[in-house]
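Colleague: What follows is a predicted structure for the sequence shown.
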Amino acid sequence: MSAGGPLVVVGDALLDRDVDGTVSRLAPDAPAPVVDVAHEDARPGGAGLAAWLAARAAPDRETVLVTALGGGPEAELVRARLAERVTLVELPLDGSLPVKTRIRAEGRPLVR
């Protein structure tokens with residue numbers, strides 16, 4: 001491949017979801033913090049994030065992601081976020097796209 005050819009990323013994509021908030025009390029039925037959600041964000045994860053970062057770092061070079069996204073709102077969100085910078089080559093996927101959710105309180109991770 002020449003230096004001017006596309007950069008191809010092959011791998012599993014997922015949706016990374018971050019939930020940020022504050023904690024001011026514990027649940028009444030367990031010693032677990034109750035998170036008051038202040039902000040949520042979602043972005044491509046896994047190979048999708050690698051492709052997005054590569055495309056951002058080299059905007060003059062085509063970046064291609066070969067992955068399986070399947071159907072559902074999670075996959076549509078990943079497609080939409082990648083569409084501006086990354087060319088998708090989709091493989092079949094039965095079922096929904098994996099989602100990794102991180103819940104943080106005041107910047108500190110509570111659960112993933």
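Modeller: Everything's here; your move.
Colleague: Centre-most residue in this protein?
Modeller: Pro44 (2.6 Å; CA atoms, centre = their mean).
Colleague: wait, is that one part of a helix?
Modeller: No. Counting by DSSP: H, G, I helix; E, B strand; the rest coil, Pro44 falls outside a helix, being strand.
Colleague: So what pairs up with it in the strands?
Modeller: Leu15 (DSSP bridges).
Colleague: Quickly note the distance from it to Leu110.
Modeller: The spacing between Pro44 and Leu110, counted by CB to CB, to the nearest Å, is 23 Å. Yep, even glycine has a C-beta here, placed from its N, CA and C like the rest.
Colleague: And for Asp94?
Modeller: In this view, Asp94 and Leu110 are 32 Å apart by CB to CB.
Colleague: same deal with Pro59?
Modeller: Taken as CB to CB, the span from Pro59 to Leu110 is 36 Å.
Colleague: next one: Arg102
Modeller: Taking CB to CB as the measure, Arg102 and Leu110 are separated by 9 Å.
Colleague: and the residue lying closest to Val37 once chain neighbours are set aside, how many neighbours does it have?
Modeller: Closest residue to Val37 apart from its sequence neighbours, by CB to CB, 6 or more residues apart in numbering: Gly21 at 4.4 Å. Residue crowding around Gly21 was assessed by other CB atoms under 10 Å; the count is 18.
Colleague: Noted, bye for now.
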